[in-house]
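# Give the three-dimensional model of this entry:
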Amino acid sequence: MLEPGSVVPVRLLTSVTPVTPVAPVAPVASITSAGAVEGEAVSVPDPERLVHLQFRRFAGCPVCHLHLRSVVRRHAEIEAAGIREVVLFHSSAEELRPHVADFPFDVIADPRQRLYREFGVESSPRSLLDPRAWGPVLWGIGRSAAEVARGRERLPARRQPNGRLGLPADLLIAPDGRVLAAKYGEHVYDQWSVDELLRLADPAAEYPVGAGGAPA
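So this is what the prediction gives:
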């Protein structure tokens, strides 16, 4: 987990979704995931906007998509608040791309989990064993099953090389690289809601950094 006052060095990531590129800021460490397809360069931090960096699980993860669909629905509000969404999955770009083709924000494939390790994002059995996760897990599976039946989504791969026990994480990063707020989830559905994110991005917000993340 990042400590208070942490600074994220500038790096370029490769998006698997067709979104508008952001000009890089020097100096830049170029980081792309193994197996990534050609995509737009994504600068993190962004020189002009806040970045909401999300760490999710695997491609097609039903619980991840349950949350991300709320981000899709309110993406215009998020952009209006000066926030750029950048979402990471620990799947290959080839596997990930069909699941996120309609997402209006940057999605990054990190199958080697290099950024997961760098940012201290962990896996644990409690991601699914915590009773607070059970409702969202059932809801997410039911929603995804219905969407698959309608031909709107695809099933995730049966084999997941990086496992199914990943915990989510959210970071809000300023243009100068400072981590303004961070939340490391205690179970699979423990992340900022869109409302919490918008409150954190408010110029009047007090930015907590650590495991908690969202203001009271």
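# Now do stretch 81-88: distance to the chain's middle.
Its chain's average C-alpha position is 9 Å from that of stretch 81-88, according to C-alpha atoms, centre = their mean, to the nearest Å.
# And the nearest residue to residue 182 once chain neighbours are set aside, what's its pLDDT?
Nearest in space to residue 182, with sequence neighbours left out and distances taken as C-beta to C-beta, 6 or more residues apart in numbering, is residue 171 at 4.8 Å. C-betas here are computed from N, CA, C, even on glycine. What the model reports for residue 171 is a pLDDT of 96.
# would you say residue 171 is within a strand?
Yes. Residue 171: assigned to a strand according to DSSP: H, G, I helix; E, B strand; the rest coil.
# quick one, what contacts it?
Contact partners of residue 171, counting by C-beta atoms under 8 Å, 6 or more residues apart in numbering, are 2, 8, 51, 52, 53, 119, 179, 181, 182, 183.
# 10 Å instead?
Applying C-beta atoms under 10 Å, 6 or more residues apart in numbering, we find residue 171 in contact with 2, 6, 8, 44, 51-55, 86, 119, 121, 179-184, 192, 209, 213.
# Which ones among those map onto strands?
Among the contacts of residue 171, the members falling in strands (DSSP state E) are 44, 51-55, 86, 179-184.
# need the helix or strand of this structure with the lowest average pLDDT.
For the chain, counting by mean pLDDT, DSSP states H and E, strand 29-30 ranks last in confidence among helices and strands (a mean of 36).
# picking up where we left off before, nearest to residue 114 among the ones in strands among the contacts of residue 171?
Nearest to residue 114 among the ones in strands among the contacts of residue 171 is residue 55, at 11.9 Å by C-beta to C-beta.
# the helices in the chain, which residues?
62-73, 75-80, 93-100, 114-118, 126-129, 131-149, 194-201 (DSSP state H).
# what angle sits between the first one and helix 194-201?
I take that to be helix 62-73. 60 degrees (axes from the mean of the first three to the mean of the last three C-alpha atoms, to 10 degrees).
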